[in-house]
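# Kindly return the folded structure for what I paste below:
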Amino acid sequence: MYALYVLAIAVALGMDAMSVSMAVGVRWGGARQKFRVAWHMGLFQFAMPILGWIAGRELAALLHGVGTYLAAGLLLVVGAKMLIEALRSDPGSVAEHLAEWKGFHRRRADPTRGLSLVMLSAATSIDALVVGVSLGLRGSGIWVVSVVIGVVAAVMALIGVEVGRRAGAKFGKGAEIAGAVVLILLGVLFLLV
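Reported below is the predicted structural model:
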């Protein structure tokens, strides 16, 4: 049961990485670009839950008795936010905005390099930070969960780039919606267990 729970979290969190990677893959789908996207998405998805878990552990002592409800609430809020964003925006719109960003890169610069890639990786892993806080509030372990989240996100990002390269970004919205629904269901599960 625990393995399925961890895998469900990892897949839900990987949906953002996958949908953004699909949008990237439409235009930038070479071998080096696939590797860079998968590596960075996996690394950020691995690290963010650990940072959140540290914060959650510190808060758990202060919030004894309500930690589980707060953890469930965080997952419900993040899931609802993801669902609203997925319904309102085009698939992988973060990637498209960064591809047009004019800061350090020229217009339509490769988003699999430099600051654009860091920003994409950070933007898609904020939810993992919140999940880490939730796990810290519950007193759950983090290392195995973080490794699974990172590996699953890297694989999903790699698949996303390839799917984007082959089929465009038409599946991105569905992936984002599915990820949001899974997080909402996990929040409800926190309340029931």
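# Which residues are in contact with Ile84?
By Cβ atoms under 8 Å, 6 or more residues apart in numbering, Ile84 lies in contact with nothing. Bear in mind the C-beta positions are built from the backbone N, C-alpha and C, glycine included.
# I'd assumed Thr124 was in contact with Leu43.
No: contact criterion Cβ atoms under 8 Å: Leu43 and Thr124 do not qualify, at 11.6 Å.
# which element is Pro111 on?
Assigned by DSSP states H and E, Pro111 belongs to no helix or strand.
# after the lowest-mean-pLDDT helix or strand in the chain comes which helix or strand?
Within the chain, no helix or strand scores below helix 93-99, which has a mean of 50 by mean pLDDT, DSSP states H and E. Note on helix 93-99: by DSSP H and E, the next helix or strand toward the C-terminus is helix 114-138.
# Can you list the buried residues in that next one?
Residues of helix 114-138 classed as buried: 116-117, 119-121, 123-125, 127-138 (neighbour count, 16 or more other Cβ atoms under 10 Å).
# same check, this time on stretch 158-166
For stretch 158-166, by 16+ other Cβ under 10 Å, it's Leu158, Ile159, Gly160, Val161, Val163, Gly164, Arg165.
# neighbours around Leu4, how many?
8 (other Cβ atoms under 10 Å).
# Can you tell me the element it falls in?
Per DSSP H and E, Leu4 falls inside helix 2-27.
# quick one: contacts for the nearest residue to Ala122 once chain neighbours are set aside?
Among residues not flanking Ala122 along the chain, Phe44 sits closest, at 6.1 Å (Cβ to Cβ, 6 or more residues apart in numbering). Shown in contact with Phe44 (Cβ under 8 Å, 6+ apart): Ser121, Ala122, Thr124, Ser125, Ala128, Ala153.
# Toward the C-terminus, what is the element adjacent to the helix or strand containing Phe44?
Here Phe44, judged by DSSP H and E, is contained in helix 31-62. For helix 31-62, the succeeding helix or strand toward the C-terminus, using DSSP H and E, is helix 67-88.
# what does the average pLDDT come to for that following helix?
Mean pLDDT, computed over helix 67-88, is 73.
# then that helix to PDB, C-alphas only?
Presented in PDB, the C-alpha positions along helix 67-88 are these (Å, rounded to 0.1, in the frame of the first residue of the first chain):
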ATOM      1  CA  GLY A  67      -0.700  18.800  11.400                       C
ATOM      2  CA  THR A  68      -2.600  16.100   9.500                       C
ATOM      3  CA  TYR A  69      -5.400  18.500   8.700                       C
ATOM      4  CA  LEU A  70      -3.000  21.200   7.600                       C
ATOM      5  CA  ALA A  71      -1.200  18.600   5.400                       C
ATOM      6  CA  ALA A  72      -4.400  17.500   3.800                       C
ATOM      7  CA  GLY A  73      -5.400  21.200   3.300                       C
ATOM      8  CA  LEU A  74      -2.200  22.000   1.600                       C
ATOM      9  CA  LEU A  75      -2.600  19.100  -0.800                       C
ATOM     10  CA  LEU A  76      -6.200  20.000  -1.500                       C
ATOM     11  CA  VAL A  77      -5.200  23.700  -2.200                       C
ATOM     12  CA  VAL A  78      -2.300  22.700  -4.500                       C
ATOM     13  CA  GLY A  79      -4.500  20.200  -6.300                       C
ATOM     14  CA  ALA A  80      -7.300  22.700  -6.800                       C
ATOM     15  CA  LYS A  81      -4.800  25.400  -7.900                       C
ATOM     16  CA  MET A  82      -3.300  23.000 -10.400                       C
ATOM     17  CA  LEU A  83      -6.800  22.000 -11.700                       C
ATOM     18  CA  ILE A  84      -7.900  25.700 -12.100                       C
ATOM     19  CA  GLU A  85      -4.600  26.500 -13.900                       C
ATOM     20  CA  ALA A  86      -5.000  23.500 -16.200                       C
ATOM     21  CA  LEU A  87      -8.500  24.300 -17.100                       C
ATOM     22  CA  ARG A  88      -7.700  28.000 -17.700                       C
END
